Structures are given as structure tokens and as C-alpha cells.
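Asker: here you go, sequence then predicted model.
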Amino acid sequence: MKVLVTGGLGFIGSHTVCELLDANYEVVVIDDLSNSSIDVVDKIKEITGKDFVFYQFDVCNEEKLDEVFSKENIDSVIHFAAYKAVGESVAKPLMYYENNLLTTITLCKVMLKHGVFKFVFSSSATVYGSPKTLPIKEDFLLSTTNPYGTTKLMNEKILEDVCVANDNFSVIILRYFNPIGAHSSGLIGENPTGIPNNLMPYIVRVADGELKELSVFGNDYDTPDGTGVRDYIHVVDLAKGHIKALEKAANTKGTRFYNLGTGHGYSVLDLVETFKRVNNVDVPYKIVGRRPGDIAACYADPTKAYEELGWKATLGIEEMCKDSYNFILKQKNK
Ligand code: UFG
């Protein structure tokens, strides 16, 4: 089985490529390096001891994509390539709509042309907007609060329509909760450029002394300690979910949706305290006002993924904190 992974050098993509190679899939990666580094190619090879094919270009380039499908005998596609910064999407909506929709549309066109019908899509819990009750199930009402989220929801709709129009098409839509952690080797992980927007990358840089202190965005939410609650999931668990999704896509037709989360909610302060304890390091923080657009709490009901995909998260919050820090320490000492 040969799998095309778009955005395969990014945070979730690179961990998924490792899992695919470990499971003996042949892998072709397309990545334009817009938010990833070429070093990741060698790191994946080092981790897995296996080789894969890499093409550097933008998935919106239909001509090049067509060439890859003509040359490689691709059976299925996992599509990660997308812009993903919420704040940036508010400032640059057209850039987000253009890139995040065109990549999927171009991929679908070329897949149909070449008779490739198995598609796994990287969606997000952001499509649930502000859920009225918790935990979140797949059949909850969908809504979005920023252009990034809207691109994910629009992609889901596009893929559903492609499935309706093409009987052979099979799409598995994975709605991720909050991926953190890193590969246990410390060779790949999340390393955003500039000041991080997300909690774990920020904590790591404070622990490391690169940033002075964490700003905790609000302690007046209706949560046990007043800070925001999220369903943090280890990126390796998340990556394994894609293998299960591919197996499902191989035997089904139509569109299916799955939450990939642990089902447990942790507050900002839970995460900070766990990080300090397991890594034996200080993380100074101050409480500031709420961040616009944030919701109080969000965690998954992951039952459907367990029952239908046979997937369940196995790594806990301590491993997530240890592996996130280990990755940064390794990066520094390389
Ligand atoms: N937080 C802080 N300080 C920071 C950063 C975050 O207190 O410096 C808090 C937030 O207020 C929130 C929690 O930490 O309560 C998690 O925030 P993140 O930015 O790490 O993650 P979000 O839940 O806001 O969003 C993430 C991804 C989105 C995705 C969403 C899906 O960034 O792309 O999860 O639920 F859509």
C-alpha cells in the first residue's frame, strides 16, 4: 500500500509518516516547507530506519500533483497540508480560504482523474464552535468562530459532496482535539517559528528560559480552577489514529467523522503544574485577561473512534509534558 501524505513534514504529519513506515506502508510526502523544515526528512529516516519519497511543492500546483500521481502508484491520501494559525486566519482570511480550500479541491480532482478513492482528512474540534454540552460527540451542531475553523468545516462539506457524487470515494474525517507531545526519540516535535500561539509550545519556551513567563488567559471561566479546559492528546496517539483511519477507508465508502481525543479535560494550570513536576523545572506564569474567541472547556467523547476504528489514546498527560520538553532540550543540544 502506497500512501501520499501532504504536509508530511509538519508536526502531526511527520509523526504519522513514522507510524506509516513502522506499519510497513510505502510513503510519498509532499510538503512545500512553508511551516516545516527539510531536516525532518532525515529525522524520520533515522527514527524508522526506512526510506520514503519526498517532493517539495505546493499541493495547489495541479500539474506537479498530476505528475506525482502518474509516477507513483498511490492507493490512498492523508491530507495535512494547510495553514493552521487561528489569529493569522482572522488577519488574512483570503490567504486561508485560498490555500486551505484549493489544496483539497486540487487533490480531489487529481485523485479522481487517477482513480484514487481513499482519503483521510485532518480536521479539528474547532468545527464544534462553542459546544453547549460536554463531552463532544460527532453529531453535535457545527459552527465556527474564525476563518481557520471555517476552512476546516468547508473542507468537510466539500469532501462529503465529492463522496455523494462519486460512489467509490471514501473519506475519513478526523477531528483532532489539542495535540501536544513529541516523538519519544526527541528528534521530531513541534517547533513553531516566532512567539508561539498555543499553550504547550509557549510553556516549553518559558521552561527553557527563552521566554520570561506564561500568560494564562483568564481564571474566571466556569471550570474547576477557572482556567480553560482542553482535551490534550499525545501526537503519537493521534498519528496512530491515522493508520486506523486508513484501514477503515480501505473497507468503506462515503464519509465518516471521528473525534480523536482522550476524553479527559485538563485546565491550563493542570498542564503547567504537571509540566513542572515531571520535568523538575519552573514555569513562571501570570494571570491575564481572557483571549478573545476562547471557549471555557472542550473535550471529546472518543467512543466512536474506539468502537468503529479500534483506536484509543494510550499516552497520558505526564508523557505529553515529558516528551514536549525532551524535544526542545534535544533541539538545543544538537
Ligand atoms: N492559553 C494560555 N496562554 C497561552 C496560550 C494558551 O492560557 O499563551 C490557554 C488558552 O486560553 C486555552 C488553552 O490554553 O484555554 C489552550 O490554548 P491553545 O492555543 O493551545 O489551543 P486552543 O484550544 O485555543 O486551539 C487549538 C488549536 C486550534 C484548534 C483547536 C481545536 O490551536 O487550531 O485547538 O480545539 F482548532
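Answerer: Perfect, thanks for sending it.
Asker: show me what residue of the stretch 151-300 of the chain gets nearest to the ligand.
Answerer: residue 228 (2.2 Å; C-beta to the nearest ligand atom). (Glycine included, C-beta is placed from N, CA and C.)
Asker: surely that residue is in contact with residue 219?
Answerer: No: taking contacts as C-beta atoms under 8 Å, residue 228 lies outside contact range of residue 219: 9.3 Å.
Asker: who does the host helix or strand of residue 255 touch, helix- and strand-wise?
Answerer: Taking DSSP states H and E as the criterion, residue 255 maps to strand 254-260. Judged by 3 or more C-beta pairs under 8 Å, 6 or more residues apart in numbering; DSSP states H and E, strand 254-260 is in contact with helix 147-165, strand 170-176, helix 235-250.
Asker: how far away from the center of its chain is the helix or strand just after it?
Answerer: Note on strand 254-260: by DSSP H and E, the next helix or strand toward the C-terminus is strand 266-267. Offset of strand 266-267 from its chain centre (C-alpha atoms, centre = their mean, to the nearest Å): 19 Å.
Asker: strand partners (parallel or antiparallel) of strand 266-267?
Answerer: strand 229-230 (antiparallel) (DSSP bridges).
Asker: chain center to the strand it pairs with, what's the gap?
Answerer: 17 Å.
Asker: look up which residues are beta-bridged to the closest residue to residue 8 other than its chain neighbours.
Answerer: Excluding its sequence neighbours, the residue lying closest to residue 8 (C-beta to C-beta, 6 or more residues apart in numbering) is residue 29, at 3.3 Å. On the basis of DSSP bridges, residue 29 is bridged to residue 5, residue 54.
Asker: quick one: contacts for residue 48?
Answerer: Listed by C-beta atoms under 8 Å, 6 or more residues apart in numbering, the contact partners of residue 48 are 18, 21-22.
Asker: just give the nearest non-adjacent residue to it, would you?
Answerer: residue 21 (4.1 Å).
Asker: for the contacts of residue 48, please prepare CSV with the additional fields neighbour count and distance to residue 109.
Answerer: Shown next, in CSV, are these (neighbours: other C-beta atoms under 10 Å; distance: C-beta to C-beta, whole Å):
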residue, neighbour count, distance to residue 109
18, 23, 29
21, 20, 28
22, 15, 31
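Asker: nearest to the ligand among these?
Answerer: residue 18 (21.9 Å).
Asker: tell me which element the closest one is part of?
Answerer: Using DSSP H and E, residue 18 falls in helix 11-22.
Asker: packing partners of that helix?
Answerer: Using 3+ C-beta pairs under 8 Å, 6+ apart, helix 11-22 sits against strand 2-6, strand 26-30, helix 39-48, helix 235-250.
Asker: and that helix, what's its mean pLDDT?
Answerer: For helix 11-22, mean pLDDT rounds to 98.
Asker: same question for stretch 96-111.
Answerer: Here the average pLDDT along stretch 96-111 is 98.
Asker: quick check, that stretch touching the ligand?
Answerer: No: using C-beta under 6 Å from any ligand atom, stretch 96-111 never reaches the ligand; the gap is at least 11.7 Å.
Asker: what's next to that stretch, contact-wise?
Answerer: 6, 58-62, 65-66, 69, 77, 79, 81-83, 88-89, 117, 119, 121, 147-148, 150-152, 154-155, 158-159, 162.
Asker: narrow those to just the buried residues.
Answerer: 6, 58-61, 65, 69, 77, 79, 81-83, 88-89, 117, 119, 121, 147-148, 150-152, 154-155, 158-159, 162 (16 or more other C-beta atoms under 10 Å).
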